[in-house]
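Peer 1: Prediction below, plus the sequence it came from.
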Amino acid sequence: MAVADVTIVSLDGVEKSFGAVRALGGVNFSVSRSECVGLVGHNGAGKSTLMHVLAGTAAPDKGRIVIAGVEQRQYSAARAKDLGVRCVFQELSLCPNLTVAENARVFHPALRGFNWRRKAGKLIVDKLDEIFPDHGIGASDLIQDLSIGRRQMVEVARAFTVSDRPADLVILDEPTSSLDAHTAGQLLAFVRRSVANGVSCIFISHILGEVLRNCDRIAVMRDGKVVVADRAEAFDRNKLIAAMGGVHQSEREVNSASVPTGRSQAPVRVRALPARQSEGVELIAHEGEVIGLAGLAGHGQTDLLLSIFSASTRRRVGVEVAAPVALVAGDRQSDGIFPQWSISENIGVRSLSKLRDGLLISRRREDDLANAWRDKIKIRTPDMHNNILSLSGGNQQKALFARALASDAAIVLMDDPMRGVDFGTKLEVYALIREEARAGRTFLWYTTETDELKNCDHVYVFRNGAIVADLARDEISEERVIQSSFAGAH
Amino acid sequence: MIAALAKLASKPWIWSFLGAALVWLAAIAFTAGYGAGGMLTAALSLSVFTVIVGVGQMFVITLGPGNVDLSLPANIGLASAVAMKVMDGDDRMVAVGLAAALASGLCAGVANYLLIWALRIPPIIATLSASFVIQSIDISYGRGLQIKPPPGFADFTNIQILGVPLIAVLTVLFTIGAGIALHRMVYGRSVLAIGQNIRAARLAGLKVEPIRFLTYSICGMLGGLDGALLAGYFRGANVDIGGEYLLASIAVVVIGGTSVAGGKANIPGVWGGALFLVLLLTMLNTFGVSAGVRLLLTGLIIVAVITAAGGQKTTR
């Protein structure tokens, strides 16, 4: 922290509006050399927009951008890259039809010559080895074949690779949201090492513990402004939450001890045997239960959810489903959002037959449904007829929750659905899930955040496509989950 | 008033109607107003045939990138022969003949879908190869002869009420129905959803494959209907009767503001696009340009219109 006084980036009075939505209302923000700045705030507070401005992908309406002491008048993504500003966006930016090495080459035009493919592959794989030892990603793997967690690992590693231009400031927008606890730990350790070597980082996360433990300074955003910025030691969890505003309770156990620890006596809704499980444990979910699917990311949890989903419409060997199913996608761009449609239409699409009045879809019923869920799940928009892409990432995710919960489905599958959802919203959604479960809905919840498993009645831990542990409610703990994820069957 | 105009200008189909009006004005300026009404009547009649297949093609294209039905010309040719043979010049057989044409079109649509679904061939190849098969069937079935329609049916396709062709009125009603199906029925919503994001549509519980099946079948049936009507209007079926509808069916969809990338469809635009194409030909004919120049200009103007319409889209 000896050279911390050298400011490498400063933003002064930056404003940005998207149509009627004012995303940034005069932001002042700066980062010093060899400093890790945490940026927290609710969904729609303007964090992602601010980072787009800094990365040159969105032009501010007003305000000054100063980088390395020089005011940038013609700022663009290319200029940002020349100045050593790198960004890992929340919406991953890799080309899915190219390999890992080719994606590295796209980012580094300096890799030329006959053997560019080998050079690019070495560059990216070396960086992956450095950040995530035993990552299991090959240079010739196609991005579209990688799980979302691995894609995020490649994205992060690529941002730190250096060919001809420096990486002075790396912006990480929720880099851990699709990573499991183990890989997230590896990444955070690497970020600390890089910062010690003189790189600066901006770290955006909704997991407040990560921010508090790993950042030198924390800036809190609210309603398009930085409301507080101070040294990390000056904050604790409750102070951060208070500064973000909106959530008045500190983290409490959403589920009280009222739930019995044994398995429910209610009828079985889902019975599923993972494809790679030859024998032994079967996943069972009863009516009104919240079942967690844990383990390292990409170990067969999503595959099992998808096979349960397809078993609801046609018979599948090894999977029995006794009620209609809805799915909340985690990878919302490719699995969830209909980009041409309004928020209302996106919510109503799972309930079309319910919205019908005779043969036709009733506009009034569709609007009523959407508005009811806007109030219930607090989607921040002036008008539910606005396009779904006018919402921030977390609010888009809320719309997907609303789509599933508004439907007739008695079984709700959740594929790591809290990516990019802020802390306050998470608490609200947890409460909603408990409420719906009490009313008889069954939830199957794959999550990469061990904290969320506390909301489950029963947890299955996955490893290499099979269930390796079956934990009852009182056995669930981070240690048990991590131990099972690595050690195999117990 | 200005707000209303701005709202109108934001509709993607308005440009196709503007274009149609412009070429019509250019044509009557050249003839000093002579035949203005007659041109419109003829344009309405001829547009009907493009609109019917254009609507089918629009639903198919809206299913998403790569979806297109290239078998329409062959399908129209076969259905026209089937309809005329079944009607056999007898007015009492018209309904049966129409049903046979629809059935013939339906078979073509189902065959297309089966190739795409069961053999996993891309639609562009599947429908093109299907079209060769269909055309061969047509040649051996019709034996290249021109078969005449029953007089009553031929007259029906030419009825005018105060200068407005009856089939144009019926087709307007049909397109209104198609518009309602697109925006207000589960079927149309599903097509739009699949076109935007087929994975998300499947995960939202929409019946993706049945909807695709239905869409290709409907497109086939509309091709069949078009074949029968064309044979009535032009007083005879022949193999090449549907030839021009390969380009026309796609062009009117795109000119009308439907997205080639899928997920966004526009019914009024199909009418605007069809009127534009027909009036464009009328205009070039009144100018008396040669066939080669006419083809060249048609191609250039279609490209220009699509570029202008596309540019409009990105600015919003």
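Peer 2: Nice, thanks for sending it over.

Peer 1: C-alpha only now, for contacts and for neighbours.
Peer 2: Noted.

Peer 1: Now do the closest residue to chain B within chain A against B:W24, distance only.
Peer 2: Closest contact between chain A and chain B, by CA to the nearest CA, is at A:D335 (4.3 Å). Distance, A:D335 to B:W24, by CA to CA, to the nearest Å: 47 Å.

Peer 1: which non-adjacent residue is nearest A:V281?
Peer 2: Using CA to CA, 6 or more residues apart in numbering or on different chains and skipping residues adjacent in sequence, the residue nearest A:V281 is A:I467, 6.5 Å away.

Peer 1: my guess is the one you found is in a strand, correct?
Peer 2: Yes - under DSSP: H, G, I helix; E, B strand; the rest coil, A:I467 falls within a strand.

Peer 1: Next one: the closest residue to A:R380 other than its chain neighbours from A:G149, what distance?
Peer 2: Of all residues not flanking A:R380 in the chain, A:N395 sits nearest, at 6.8 Å (CA to CA, 6+ apart). Distance, A:N395 to A:G149, by CA to CA: 21 Å.

Peer 1: what's the answer for A:E478, then?
Peer 2: Distance of A:E478 to A:G149, given as CA to CA: 19 Å.

Peer 1: neighbour-wise, which of the two wins?
Peer 2: A:G149 (20 against 15; other CA atoms under 10 Å in any protein chain shown).

Peer 1: ok, that one - contacts?
Peer 2: A:G149 sits next to A:S178, A:L179, A:D180, A:A297, A:G298 when contact means CA atoms under 8 Å, 6 or more residues apart in numbering or on different chains.

Peer 1: Next, count neighbours for B:T127.
Peer 2: Neighbours around B:T127, by other CA under 10 Å: 25.

Peer 1: Ignore what I typed, I meant A:Y430.
Peer 2: Neighbour tally, A:Y430, other CA under 10 Å: 17.

Peer 1: pLDDT weak spots in the chain?
Peer 2: Just so you know, I chose chain A. The model of chain A has pLDDT under 70 over residues A:1-5, A:19-20, A:90-91, A:245-262, A:276-280, A:486-490.

Peer 1: wrong one, I was asking about chain B
Peer 2: B:1, B:144-145, B:309-316.

Peer 1: which residue sits closest to the residue of it found nearest chain A in space, ignoring its chain neighbours?
Peer 2: Sorted by distance to chain A under CA to the nearest CA, the residues of chain B start with B:A200, at 4.3 Å. Excluding the flanking residues, the one nearest B:A200 by CA to CA, 6+ apart is A:D335, at 4.3 Å.

Peer 1: Please apply the same query to B:A81.
Peer 2: B:A237 (5.3 Å).

Peer 1: Report how many residues lie close to the residue of chain A closest to chain B.
Peer 2: Neighbours around A:D335, by other CA under 10 Å: 19.

Peer 1: which residues does it contact?
Peer 2: By CA under 8 Å, 6+ apart, A:D335 lies in contact with A:A329, B:N197, B:R199, B:A200, B:L203.

Peer 1: Contacts only, for the residue nearest to A:V281.
Peer 2: A:P274, A:Q277, A:V281, A:E282, A:Y460, A:V461.

Peer 1: Can you show me the helices along the stretch 51-200 of chain B?
Peer 2: All helices of the stretch 51-200 of chain B, identified by DSSP state H, counting those that start in this stretch, fall at B:72-87, B:94-118, B:123-142, B:151-156, B:166-184, B:186-196, B:198-203.

Peer 1: So what touches the second one?
Peer 2: The one in question is helix B:94-118. B:71, B:75-76, B:78-80, B:82-87, B:121-123, B:126-127, B:130, B:134, B:150, B:153, B:212-213, B:216-225, B:227-228.

Peer 1: The third one now?
Peer 2: With CA under 8 Å, 6+ apart as the test, helix B:123-142 has contacts from B:66-75, B:77-78, B:81, B:108, B:111-112, B:115-116, B:238-239.

Peer 1: Return the residues of the stretch 351-490 of chain A in contact with chain B.
Peer 2: By CA under 8 Å from any CA of the partner chain, the residues of the stretch 351-490 of chain A that approach chain B are A:L352, A:S353, A:L359, A:L360, A:I361, A:S362.

Peer 1: Can I have the buried ones of these as a ChimeraX selection?
Peer 2: The following ChimeraX line selects those of those that are buried, judged by 16 or more other CA atoms under 10 Å in any protein chain shown:
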select /A:352,353,360,361,362
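
Peer 1: can I get the contacts of A:G149 in a markdown table with distance to A:I433, neighbour count and secondary structure?
Peer 2: Putting the contacts of A:G149 into a markdown table (distance: CA to CA, whole Å; neighbours: other CA atoms under 10 Å in any protein chain shown; DSSP: H, G, I helix; E, B strand; the rest coil) gives the following:
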| residue | distance to A:I433 | neighbour count | secondary structure |
| --- | --- | --- | --- |
| A:S178 | 21 | 29 | coil |
| A:L179 | 23 | 25 | coil |
| A:D180 | 22 | 20 | coil |
| A:A297 | 22 | 26 | coil |
| A:G298 | 24 | 21 | coil |
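
Peer 1: contacting residues around B:T171?
Peer 2: B:V48, B:V51, B:I52.
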